[in-house]
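K.L.:
no sequence on hand, only this structure:
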């Protein structure tokens, strides 16, 4: 008998109210994909793991994306202009710990999130190509990371 594989999943995609605005953004396609591919979701919210409350201020990148934040070449800032980079780095490190503790080699994360964006993130009000802070750290540590928007083209 083949046991299901654990996979990190953005908690908001599973229907948990972890988004910055406290909205529920459960994604039926994610739940269906997890079931069909025998994956056990390990819910994570890097921002909550960093200690941020829900709801919380909206955040976006200034000067790059999560890769640039890891390299100290950009910042994550709140709507109020507060530099939140250290908090987002802490949340990314905690998310990596969860992946290691649970044996996850893959992560299914929320597109355009400043923590979890896989292909796109917000730089001020503009959507740009880039990665969130947690996604960048997970990828640098060998995890395969994809978003809910990638699922339709995936077989495994």
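P.N.:
Right, received. Where do you want to start? Quantities reported herein were computed from a predicted structural model and do not represent experimental measurements.

K.L.:
any buried residues in the worst-scoring helix or strand of the chain on mean pLDDT, and which?
P.N.:
In the chain, no helix or strand scores lower on mean pLDDT, DSSP states H and E than helix 28-36, which sits at a mean of 94. Across helix 28-36, burial judged by 16 or more other Cβ atoms under 10 Å covers 30, 33, 34. Glycine gets a C-beta too; all of them are placed from N, C-alpha and C.

K.L.:
check contacts around the second one.
P.N.:
Which is residue 33. 39, 108, 151, 154 (Cβ atoms under 8 Å, 6 or more residues apart in numbering).

K.L.:
from the residues you listed, which is closest to residue 72?
P.N.:
Nearest to residue 72 out of the contacts of residue 33 is residue 108 (Cβ to Cβ; 28.0 Å).

K.L.:
check contacts around the residue nearest to that closest one when sequence neighbours are not counted.
P.N.:
With sequence-adjacent residues excluded and distances taken as Cβ to Cβ, 6 or more residues apart in numbering, residue 108 is closest to residue 9, at 4.8 Å. For residue 9, the contacting residues are 30, 34, 41, 42, 43, 44, 107, 108, 109, by Cβ under 8 Å, 6+ apart.

K.L.:
residue 9 and residue 81, how far apart?
P.N.:
For residue 9, the distance to residue 81 (Cβ to Cβ, to the nearest Å) stands at 32 Å.

K.L.:
do you know how far the spatially most central residue of the chain is from residue 124?
P.N.:
With distances taken as Cα atoms, centre = their mean, residue 116 lies nearest the centre of the chain, 2.1 Å away. Remark: distance between residue 116 and residue 124 (Cβ to Cβ) = 19 Å.
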